[in-house]
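Colleague: Fold the stuff below for me.
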Amino acid sequence: MSTAAIEIEDVTVRYGDVLALDDISLDIAPGRICGLLGTNGSGKSTLFKTVLGLVSAQRGQVRLHGAAPAAARRRGRVGYVPQSEQVDWAFPVRVADVVMMGRYGRMGISRRPRRTDREAVARALEQTDLTGLADRQIGALSGGQRKRAFVARGIAQGASVFLLDEPFAGVDRRSEATIVEVLRTMRDNGHTLLVATHDLASVPEFCDEAVLLQRRVIAHGAPQEVLTPERLFDAFGIEPRTAGEAA
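Modeller: Numbering: from 1, shown residues only. Next up, the predicted model:
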């Protein structure tokens, strides 16, 4: 029996005649941060959707701690932190309300929070350093604070696997450092994180491993083994001296 938190086996996904993922196999152990790297159109979004069970593979399978994606999602075992542009920040909802949404699957039809739900939200806000902003409208937060609010939602939900889509996009260096510390703490608490990012320079700093994707897995391993000049050229078409600039 596999001990992988995320197990992707021989997955191929097509949209009509377009090949989005080509025979992808990838295992990520519990308590690891894995950076997912690739150009726009490399299949990162499709891989996320497949792991979440929102897209069906024509071939292969995905397991999250041994469960199919749909079952893991129903049980609240997988959390997703989207890019900013996928969220309506004008919606009049407080930070605490956003985090409480992670508990909805445990509340039943009434959606009435119990003490255990409020305690879970309080712990998630504390872990993400958002306790003092709990009553603020979500759209009033900075970019980094917004990202942390959605991480907190997943923590309150009880997810063990997290998919984060460009968590550093549009945030300043201070917010980025705070997010990195939050991710490290989550890893140390046993969570598994798959983080899509264009920031190549930061990957060795906070990732335990990295995946280079170009519809297929070009490389998977320790960041220093993956981010070689030859492999970066295969994935991004960039010369070694410009690798940092391409982030």
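
Colleague: the strands in this structure, which residues?
Modeller: For the chain, the strands defined by DSSP state E cover 6-15, 18-28, 33-37, 59-64, 78-81, 161-165, 192-196, 209-213, 217-221.

Colleague: now for the fourth one, which elements pack on it?
Modeller: Helices and strands touching strand 59-64, as assessed by 3 or more C-beta pairs under 8 Å, 6 or more residues apart in numbering; DSSP states H and E, comprise strand 6-15, strand 18-28, helix 44-52. All C-beta atoms are positioned from the backbone trio N, CA, C, and that covers glycine.

Colleague: Thought residue 154 was touching residue 127, still the case?
Modeller: No: using C-beta atoms under 8 Å, residue 127 makes no contact with residue 154, being 10.8 Å away.

Colleague: which of these two has more neighbours?
Modeller: The neighbour count for residue 127 versus residue 154, taken as other C-beta atoms under 10 Å, is higher for residue 154 (26 against 18).

Colleague: Roughly how far does the residue located most distally from the centre of the chain sit from residue 156?
Modeller: Distance from the centre of the chain peaks at residue 110, with 29.4 Å (C-alpha atoms, centre = their mean). Separation of residue 110 from residue 156 (C-beta to C-beta, to the nearest Å) stands at 18 Å.

Colleague: quick one: the residue farthest from the centre of the chain from residue 201, how far?
Modeller: Residue 110 is 48 Å from residue 201, by C-beta to C-beta.

Colleague: which residues sit against the helix or strand of the chain with the lowest mean pLDDT?
Modeller: Among the helices and strands of the chain, helix 104-107 carries the lowest confidence by mean pLDDT, DSSP states H and E, at a mean of 80. Residues outside helix 104-107 that contact it (C-beta atoms under 8 Å, 6 or more residues apart in numbering): 74, 75, 76, 111, 113, 114, 117, 157, 158.

Colleague: 7 Å instead, please
Modeller: Residues outside helix 104-107 that contact it (C-beta atoms under 7 Å, 6 or more residues apart in numbering) are 76, 111, 113, 117.

Colleague: just stretch 113-133 next, same as before
Modeller: Under C-beta under 7 Å, 6+ apart, the answer for stretch 113-133 is 95-96, 99-100, 103, 106-107, 134, 141, 145, 148-149, 151-152, 155-156, 178, 182, 185.

Colleague: centre of the chain versus that stretch, how much separation?
Modeller: 20 Å (C-alpha atoms, centre = their mean, to the nearest Å).

Colleague: Check the separation of the first and last residues in stretch 47-63.
Modeller: Using C-alpha to C-alpha, to the nearest Å, the end-to-end distance of stretch 47-63 comes out at 13 Å.

Colleague: Okay, buried residues for stretch 148-155 please.
Modeller: If you call a residue buried by 16 or more other C-beta atoms under 10 Å, then stretch 148-155 has these buried ones: 148, 149, 150, 151, 152, 153, 154, 155.

Colleague: As CSV, these with pLDDT would be great.
Modeller: Shown next, in CSV, are the buried residues of stretch 148-155 (pLDDT from 0 to 100):
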residue, pLDDT
148, 89
149, 90
150, 87
151, 87
152, 91
153, 90
154, 87
155, 90
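
Colleague: Per-residue pLDDT of the residue lying closest to residue 207 once chain neighbours are set aside, please?
Modeller: Once flanking residues are discounted, residue 207 sits nearest to residue 35: 4.0 Å by C-beta to C-beta, 6 or more residues apart in numbering. Looking at residue 35, its pLDDT stands at 97.
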